[in-house]
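Q: Sequence and predicted structure, then a few things I'm wondering about:
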Protein chains: 2
Amino acid sequence: HEKIFANIVGIAKQFKKNAKDDPRRVIHSLKVGLSLTLVSLFYYFQPLYNGFGVSTMWAIMTVVVVFEFSVGATLGKGLNRGMATLLAGALGVGAHYLASASGKVVEPILLGLFVFLQAFALTFIRFFPQVKARYDYGMLIFILTFCLVSISGFRVDEIVDMAHKRISTILMGASVCIIVSIFVCPVWAGEDLHKLVAKNMEKIGNFLEGFGDEIFKSSEDITESKVAKPSLIEYKSVLNSKNTEETLANFAKWEPGHGQFKYRHPWKQYLKIGGLIRQCACRIDALNGYINSEIKAPEEIKEMIKETSMRMSIECGKALKELSKSMRKMNLPISADEHVTNAKNSAKKLNSLLKSRINNWEEINLLQVIPLTT
Amino acid sequence: HEKIFANIVGIAKQFKKNAKDDPRRVIHSLKVGLSLTLVSLFYYFQPLYNGFGVSTMWAIMTVVVVFEFSVGATLGKGLNRGMATLLAGALGVGAHYLASASGKVVEPILLGLFVFLQAFALTFIRFFPQVKARYDYGMLIFILTFCLVSISGFRVDEIVDMAHKRISTILMGASVCIIVSIFVCPVWAGEDLHKLVAKNMEKIGNFLEGFGDEIFKSSEDITESKVAKPSLIEYKSVLNSKNTEETLANFAKWEPGHGQFKYRHPWKQYLKIGGLIRQCACRIDALNGYINSEIKAPEEIKEMIKETSMRMSIECGKALKELSKSMRKMNLPISADEHVTNAKNSAKKLNSLLKSRINNWEEINLLQVIPLTT
């Protein structure tokens, strides 16, 4: 009994953690529940049900499949589904008439041929990277609707009526999703992208600020704190952020203007900055490896470069954090320039101290970041 | 007219390129067409259609949605869909009876409550990373089926008959997908993962082999070949391979034994090796930045370390390529050990040449890779 109880407590804790990680998840789940209940009202009220009959089920299906976490994703899927259904429905009806005009024997052969050809062509088109990023779902729905409409025509007589009902319920389902996702506590993918990129920049800044302390610790300190400070390993998550950023940018393109962002906000720029930040993180990973390594520089060299290196690293970190802050507030980074100048000066000093050091890499990288953010 | 013609030629070229990049794409598209045509036979033959009626459409829907590029993905989706439909169907029928037993007034309220609660709970569970990776699709289908079955019960009288028909057609559709994807030119996600990891290792090996030449070129050579050799930037794709590897590993877990791989092959190990390879790529990115930078080491230092550094780098590269080759053939890397010993010796020499260089990083990394692959 105790084991079962411990299990339940464990699962409950996981639920709590999941909700705490991002409270919007709870709200999203509530929103999905709400939309489904709304749509299922079509079943309960006699007059509504009389109009659509069994086709009401397509509204439920649409809600379940289309409702996504962010507004952009929901809009993208909803529009894809709506457009694809309309187009494929029309073509499917056309294919049905073409096939049925050619006689009872040829009809199934012709229909089979149509189905095969369009499935083949569209499945192949789905592999195109440009299509995959934005219209993958639409392609899938096109294949589905075309098959269902054209083949059903072989059995159902009122094919136009059927297609009409199905399309209207799908459009209704999609509208409910889009309306609920935009007007009830919306989650904007664009805003998430904006915050993510700023946060990543801050993480790198944090690392650089703490890095100097860590690497120039005297030997007795090292044995004490073998465990790295959490702020120093935060940057690791930056290394694999590419995919998340690209997905968010794709969703963001679907979104209308919101808050500080207009429609057609230059989301691509975020990807560029994100790429540069990842490059920084990569360099930093190399530096971090140096902290944990056994190979240590001789103490005298350490002493020699300690002050300037630390200053450079801290100033870089400050500049990045400043940039991140001003990016969040969307104003020009003024005070960051100062830190960059300081960092550059320190780097120059360091460079004259040891001509051939590779250490001042992050400074060069930083310079690449600046023009993009302004 | 010429413009339109040029456009068509451009699109045709894209098609050709897409097919050439991976010829299996064409085969996959043909397979999807084939499965759909097979399933649509249910509509054409009177006896088959009499048995299932309109439910036949669920077989088509299943094929369109479940058929994926690799066997693992198709199996995963098929099993998810099958299991979720069975479970949710049973629970939905249960919910229907419970609600209808409570009288005509309470019924819709109780049904609405059930729908809301399960949609809320399951949408929230979908956010768990463990669930998202493997059972996301199953969760979606569970919500869908539960809603459809329990709510339809409000209108359709023979709910058990309906659920039965729907479940059998879905199972049939899923079986067609799984059979075609396994027995007609199968694409194994596990094999792809295996090849991808080996390929990535090779790319890094290529870079290290070429790196020595590039960095120790005399100044006049540099101006000639400003463009980096293609083998030297190949490694960049390695940096962002994490997501692909994880997806493939997830698919691979669904696959039965095939070729050299048994069921329950340790796919996780590939992710570990992949992670280490990415770390190497990260270091290499830092080194690569050094090639393109303006800051050059003084010539005398360059001369001093040239021979040992180049040897170290080349030996590392050879070792990695050897490892990649033996990984592909799945035998023990014997000759690689030799290269590693050579590389280590060179690194030691280099280390004694300049005590405080960071350059010998890749060697240490290499040592981490070895134990994992054997």
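A: Thanks, I have the structure now.

Q: rest of the way, CA atoms for contacts and neighbours
A: Fine.

Q: What helices and strands are in contact with whichever strand or helix holds A:Asn250?
A: Assigned by DSSP states H and E, A:Asn250 belongs to helix A:242-254. Under the contact criterion of 3 or more Cα pairs under 8 Å, 6 or more residues apart in numbering or on different chains; DSSP states H and E, helix A:242-254 touches helix A:71-100, helix A:189-215, helix A:267-292.

Q: out of those helices, which comes closest to chain B?
A: Closest of the helices and strands packed on helix A:242-254 to chain B is helix A:267-292, at 5.2 Å (criterion: Cα to the nearest Cα).

Q: For that closest one, give the mean pLDDT please.
A: Helix A:267-292 carries an average pLDDT of 73.

Q: Stretch A:179-189 now?
A: Stretch A:179-189 comes out with an average pLDDT of 88.

Q: try stretch A:65-74
A: The average pLDDT for stretch A:65-74 rounds to 90.

Q: Now do it: distance to the chain's middle.
A: Relative to the centre of its chain, stretch A:65-74 is centred 12 Å away, using Cα atoms, centre = their mean, to the nearest Å.

Q: Could you confirm whether it reaches chain B?
A: Yes - residues of stretch A:65-74 are located near chain B by Cα under 8 Å from any Cα of the partner chain, namely A:Val65.

Q: How far does that stretch stretch from one end to the other?
A: Using Cα to Cα, to the nearest Å, the span of stretch A:65-74 from its first residue to its last is 9 Å.

Q: Touching it from outside, list them.
A: Residues outside stretch A:65-74 that contact it (Cα atoms under 8 Å, 6 or more residues apart in numbering or on different chains) are A:25, A:28, A:32, A:77-78, A:174, A:177-178, A:181-182, A:186-190, A:251-255, B:140.

Q: what's next to stretch A:90-97, contact-wise?
A: Contacts for stretch A:90-97 (Cα under 8 Å, 6+ apart): A:Leu111, A:Phe114, A:Thr145, A:Phe146, A:Cys147, A:Val149, A:Ser150, A:Ile151, A:Gly153, A:Phe154, A:Ile159, A:Val160.

Q: please redo it, this time with the cut-off set to 7 Å
A: With contacts defined as Cα atoms under 7 Å, 6 or more residues apart in numbering or on different chains, stretch A:90-97 is touched by A:Phe146, A:Val149, A:Ser150, A:Gly153.

Q: Leaving out the residues flanking it, which one is nearest to A:Ala121?
A: Computed as Cα to Cα, 6 or more residues apart in numbering or on different chains, the closest residue to A:Ala121 that is not its neighbour in sequence is B:Ser29, at 7.2 Å.

Q: Determine whether the claim that the one you found is in a helix is correct.
A: Yes - assessed by DSSP: H, G, I helix; E, B strand; the rest coil, B:Ser29 belongs to a helix.

Q: how many other residues sit next to it?
A: 24 (other Cα atoms under 10 Å in any protein chain shown).

Q: Tell me who's in contact with it.
A: B:Ser29 sits next to A:Phe120, A:Thr123, A:Phe124 when contact means Cα under 7 Å, 6+ apart.

Q: Present the residues you listed as JSON lines; the columns should include secondary structure.
A: Conversion of the contacts of B:Ser29 to JSON lines gives the following (three-state DSSP):
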{"residue": "A:Phe120", "secondary structure": "helix"}
{"residue": "A:Thr123", "secondary structure": "helix"}
{"residue": "A:Phe124", "secondary structure": "helix"}
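
Q: can you redo those as TSV with distance to chain B, neighbour count and pLDDT?
A: Below are the contacts of B:Ser29 laid out as TSV (distance: Cα to the nearest Cα, whole Å; neighbours: other Cα atoms under 10 Å in any protein chain shown; pLDDT from 0 to 100):
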residue	distance to chain B	neighbour count	pLDDT
A:Phe120	5	22	91
A:Thr123	5	26	91
A:Phe124	6	20	91
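
Q: Looking at those, spot the one nearest B:Tyr263.
A: Nearest to B:Tyr263 out of the contacts of B:Ser29 is A:Thr123 (Cα to Cα; 29.2 Å).

Q: Tell me who's in contact with that closest one.
A: B:Ser29.

Q: And A:Gly82, by the same measure?
A: With Cα under 7 Å, 6+ apart, A:Gly82 has these contacts: A:Leu171.

Q: circling back to that earlier point, okay, the contacts of B:Ser29 in CSV with distance to A:Lys104 next?
A: CSV is the format used below for the contacts of B:Ser29 (distance: Cα to Cα, whole Å):
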residue, distance to A:Lys104
A:Phe120, 25
A:Thr123, 29
A:Phe124, 31
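
Q: Tell me the secondary structure at the residue nearest to A:Asn80 when sequence neighbours are not counted.
A: Of all residues not flanking A:Asn80 in the chain, A:Gly138 sits nearest, at 4.4 Å (Cα to Cα, 6+ apart). What three-state DSSP gives for A:Gly138 is helix.

Q: since we're on A:Gly138, how many residues are nearby?
A: Residues within reach of A:Gly138, counting by other Cα under 10 Å, total 23.

Q: Kindly report the same for A:Gly103.
A: Neighbours of A:Gly103 under the rule other Cα under 10 Å: 10.

Q: element containing it?
A: For A:Gly103, there is no enclosing helix or strand under DSSP H and E.

Q: how far away is it from B:Phe42?
A: 20 Å.

Q: same check, this time on A:His164
A: Distance of A:His164 to B:Phe42, computed by Cα to Cα: 24 Å.

Q: do A:Val131 as well
A: 32 Å.

Q: And A:Phe127, by the same measure?
A: 29 Å.

Q: before we move on, what about A:Thr56?
A: Distance from A:Thr56 to B:Phe42, counting by Cα to Cα: 24 Å.

Q: Looking at the two now, which is surrounded by more residues?
A: A:Thr56 (27 against 21).

Q: That one and A:Ile170 touch, don't they?
A: No - under the criterion of Cα atoms under 7 Å, A:Thr56 makes no contact with A:Ile170, lying 8.6 Å away.

Q: Closest one of the contacts of B:Ser29 to A:Thr37?
A: Using Cα to Cα, the contacts of B:Ser29 come closest to A:Thr37 at A:Thr123, 34.2 Å.

Q: Write out the residues of the stretch 101-250 of chain A neighbouring chain B.
A: Applying Cα under 7 Å from any Cα of the partner chain, we find that the stretch 101-250 of chain A lies next to chain B at A:108, A:112, A:115-117, A:119-120, A:123-124, A:128, A:144, A:148, A:240.

Q: Any idea how far the strand or helix carrying A:Val65 is from the middle of the chain?
A: Following DSSP H and E, one finds A:Val65 within helix A:56-66. Put simply, helix A:56-66 sits 24 Å off its chain's centre (Cα atoms, centre = their mean).

Q: Give me the angle between it and helix A:71-100.
A: Put simply, helix A:56-66 runs at 140 degrees to helix A:71-100, going by axes from the mean of the first three to the mean of the last three Cα atoms, to 10 degrees.

Q: residues touching A:Met83, list them.
A: A:Met83 is in contact with no residue at all, counting by Cα under 7 Å, 6+ apart.

Q: Please tell me how far it sits from A:Ile167.
A: Distance, A:Met83 to A:Ile167, using Cα to Cα: 10 Å.

Q: Next: A:Phe261.
A: 33 Å.

Q: same check, this time on A:Leu248
A: In this view, A:Leu248 and A:Ile167 are 29 Å apart by Cα to Cα.

Q: nearest spatial neighbour of A:Lys262, skipping sequence neighbours?
A: Of all residues not flanking A:Lys262 in the chain, A:Pro256 sits nearest, at 7.2 Å (Cα to Cα, 6+ apart).

Q: Find the residue at the geometric middle of chain A.
A: Residue closest to the average C-alpha location in chain A (Cα atoms, centre = their mean): A:Leu248, at 3.0 Å.
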